[in-house]
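# can't give you the sequence, but here's the structure:
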């Protein structure tokens, strides 16, 4: 039987879903953007998967363990669920090419802007990448989505506004040029649903 693939909305974590706080390693440091709760709920309602894609070099730097990170993500998801939203999966890269000194200090294929996390999610969750979107507040997020075959949206929260200014010249005609620039994740999700995702889901 042919597997039916689904679209996904890939979401950077820090600066997109939650406020940027540096190397987050405690739940009491988590500040979820209020609009992110509604945005994820709307993604859930559309039938698309909501999948977090995040670089977590704090592990390579020895600031927290993978187990601690997984617990933190579980608590974040519980907070979303309290507000009627659901994150379907979390994918993280624990590596850094230089920081630290252990097995996590390496060049890898999963650290954004490499597309490894999206490609893995597509295999494991049955995602149609060409019908999916990547959200983030960094041009690295934009490039990651494009390299995986998705459309990419830059949000102005987090580092987004700074990235727009510093990246204006390099964006044009490149993998780092977003399909849309949104004030925040909710505006971006509304743009997707109004113009793209709902129509594509109807055709499945």
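Happy to help now that I have it. Here the structure is a predicted model, which is why all the values come from computation and not from measurement.
# pull the longest strand from this protein.
strand 49-55 (DSSP state E).
# correct me, but residue 126 touches residue 3?
Yes: between residue 126 and residue 3 there is a contact under C-beta atoms under 8 Å: 5.5 Å. For glycine as for every other residue, the C-beta is placed from the backbone atoms N, C-alpha and C.
# between the two, which has more neighbouring residues?
residue 126 (13 against 6; other C-beta atoms under 10 Å).
# with residue 49 as the reference, measure out to the more buried one.
9 Å (C-beta to C-beta, to the nearest Å).
# what sits in contact with each of the two?
residue 6 (C-beta atoms under 8 Å, 6 or more residues apart in numbering).
# hang on, the earlier thing: per-residue confidence averaged over the longest strand of the chain?
When pLDDT is averaged over strand 49-55, the result is 98.
# that one pairs with which strands, parallel or anti?
Each strand paired with strand 49-55, and its direction, by DSSP bridges: strand 8-11 (parallel), strand 89-93 (parallel).
# which one of those is the most hemmed in?
Among the strands paired with strand 49-55, strand 8-11 has the highest mean neighbour count (mean count of other C-beta atoms under 10 Å), at a mean of 28.
# ok, then the element right after that strand?
Toward the C-terminal end, the helix or strand that comes next after strand 8-11 (DSSP states H and E) is helix 34-46.
# list the buried residues of that next one.
35-44, 46 (16 or more other C-beta atoms under 10 Å).
# chain center to that helix: distance?
Offset of helix 34-46 from its chain centre (C-alpha atoms, centre = their mean, to the nearest Å): 14 Å.
# next one: stretch 6-26
From the chain centre to the centre of stretch 6-26 is a distance of 6 Å (C-alpha atoms, centre = their mean).
# quick one: terminal-to-terminal distance for it?
33 Å (C-alpha to C-alpha, to the nearest Å).
# stretch 140-155 too?
OK, stretch 140-155 end separation, C-alpha to C-alpha: 12 Å.
# do stretch 99-118 as well
The first and final residues of stretch 99-118 sit 23 Å from each other (C-alpha to C-alpha).
# this structure: helices as residue ranges?
Listed in chain order, the helices found in the chain under DSSP state H are 34-46, 66-82, 116-125, 139-148, 160-171, 185-192, 198-202.
# out of those helices, nearest to residue 16?
helix 185-192 (5.8 Å; C-beta to C-beta).
# gap between the closest one and the chain center?
14 Å.
# shaky segments in this structure?
Within the chain, the segments meeting pLDDT under 70 span 1-2, 166-173, 196-204.
# show me the contacts for the nearest residue to residue 181 once chain neighbours are set aside.
Nearest residue to residue 181, sequence neighbours excluded (C-beta to C-beta, 6 or more residues apart in numbering): residue 154, at 5.0 Å. Counting by C-beta under 8 Å, 6+ apart, residue 154 touches 136-137, 139, 141-142, 160, 163-164, 178, 180-182.
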